[in-house]
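# Here's my sequence, what's the structure:
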Amino acid sequence: MTDAFLPPYPALALADSRRADQRDDLRSPAKVRRPGPKTVVLIHGLWMTPRSWELFRRYYEERRYRVLAPPWPRLRGEVEDIRQGPTELAGLGLTEIVAHYEKAIRLLDEAPILIGHSLGGLVVQILLDRGLGAAGIAIDSAPPKGVWQLPPLSQIRALLPVVLNPLSYWQTVSLSYRQFRYAFANTMSEHDARATFMRYTIPAPGRAVFESAFANLSPWSATTVDYANDRRAPLLLIAGTEDHITASSVVKANFRKYWRSNAITRFKEFPGYSHLIIVQSGWQQIADFALSWAQQNLLQVGFPRTALYRRTC
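From the prediction side, this is the model:
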């Protein structure tokens, strides 16, 4: 697994499932050819690796997109290997994660479509605020600093096992199956939830959890964005109604914070979906909507030309 985009991106391409870690009326993007960037960057969230994007990745590659799903910094090896030795992730925070993706994206030959899930959705919002990307989709996104919506009890219950232990800040934190079932896979069958738990989950850096959970209490929060930024690329915020980690009400409150910006910002809610919306049954609907929305809005605002992108970012 590599830590950066290095053209021609051999280590970032998900060639097949054996190296999964390395590797509103809208029509289907498979049927409608639109001009625009052909690069999609997928950013995973906490307790996950790039493997969590394997279904989205294959779906977009079949539509002739170049899809990059790089891991977080310090994240090396397969899911099974990381579980055995996760200590390198201890102390990893949002500043390092965002800088890792920012540096990598600036090396690309065009402004990509950015799609992030969970904490990866927050990373997308920060990157857009810094002028990167041609469009951004934040799926079940952790909110930036300034979103004061009171979280429902389900969200508090999902994160409580981590934040109750201050020592977790400098350690990695694992989820038991029972915790994962409630937080990520509450709409899945028992069989699917267990299979998903075994295939995708790894220990997460506690620091990143604390930075997200307590962003509003820090004057120097790494989660800060300029909600009034008129110059950023279009942003779509997606929520699932049954999400126990980032409740739909919190995502909607995140969307409303952008009211002062003239940049395109939209909110879309999908009924019946949990936090792990990107792998549960019906994920194709999310993948299709996200890509179609990005291409539709790229036509409205345009996007940086290849020759200008590296120079102006």
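# For the stretch 151-300 of the chain, just list every one of the strands.
172-173, 204-205, 235-240, 265-270 (DSSP state E, counting those that start in this stretch).
# List the neighbours of the third one that are in contact with it.
The contact list for strand 235-240 (Cβ atoms under 8 Å, 6 or more residues apart in numbering) reads 121, 124-125, 128, 135-141, 246-248, 251-252, 254-255, 258, 263-270, 272-275, 277, 286, 289-290, 293-294, 297. (Glycine included, C-beta is placed from N, CA and C.)
# Give me the buried subset of those residues.
For the contacts of strand 235-240, a burial check counting by 16 or more other Cβ atoms under 10 Å picks out 121, 124-125, 128, 135-141, 246-248, 251, 254-255, 258, 263-265, 267-268, 270, 273-275, 277, 286, 289-290, 293-294, 297.
# Can you tell me which of those residues end up in helices?
121, 124-125, 128, 248, 251, 254-255, 286, 289-290, 293-294, 297 (DSSP state H).
# helices and strands of this protein: which one has the lowest mean pLDDT?
In the chain, the helix or strand scored least confidently by mean pLDDT, DSSP states H and E is helix 306-312, which has a mean of 41.
# if we can go back for a sec, figure out which of the strands of the stretch 151-300 of the chain is closest to residue 41.
Comparison of these against residue 41 by Cβ to Cβ identifies strand 235-240 as nearest, at 14.6 Å.
# A helix includes residue 131, no?
No - counting by DSSP: H, G, I helix; E, B strand; the rest coil, residue 131 falls outside a helix, being coil.
# any idea how far it lies from residue 282?
Noted for residue 131: a distance of 34 Å to residue 282, by Cβ to Cβ, to the nearest Å.
# Between these two, tell me which one has more neighbours.
Using other Cβ atoms under 10 Å as the criterion, residue 131 and residue 282 rank with residue 131 on top: 15 against 11.
# Let me see the mean pLDDT of stretch 46-54.
Over the span of stretch 46-54, the pLDDT mean works out to 97.
# ok, residues contacting it?
1, 14, 17, 20-23, 42, 44-45, 69-71, 75, 78-79, 82, 117-119, 175, 180, 184, 199-205, 208-209, 276, 278-279.
# now the end-to-end length of it.
Distance between the two ends of stretch 46-54: 16 Å, counting by Cα to Cα, to the nearest Å.
# what's the distance between that stretch and the middle of its chain?
Put simply, stretch 46-54 sits 9 Å off its chain's centre (Cα atoms, centre = their mean, to the nearest Å).
# Same question for stretch 86-95.
17 Å.
# Identify all contacting residues around it.
Contact with stretch 86-95 is made by 72-76, 82, 119, 122-123, 170-172, 174, 202-208, 211-212, 222-223, as judged by Cβ under 8 Å, 6+ apart.
# One more: stretch 207-224?
Contacts of stretch 207-224 (Cβ under 8 Å, 6+ apart): 46, 90-95, 97-98, 119, 122, 126, 142-148, 159, 162-163, 168-170, 173.
# which residues does the closest residue to residue 135 other than its chain neighbours contact?
Of all residues not flanking residue 135 in the chain, residue 294 sits nearest, at 4.1 Å (Cβ to Cβ, 6 or more residues apart in numbering). Applying Cβ under 8 Å, 6+ apart to residue 294 gives the contacts 36, 113, 134-135, 137, 234, 236.
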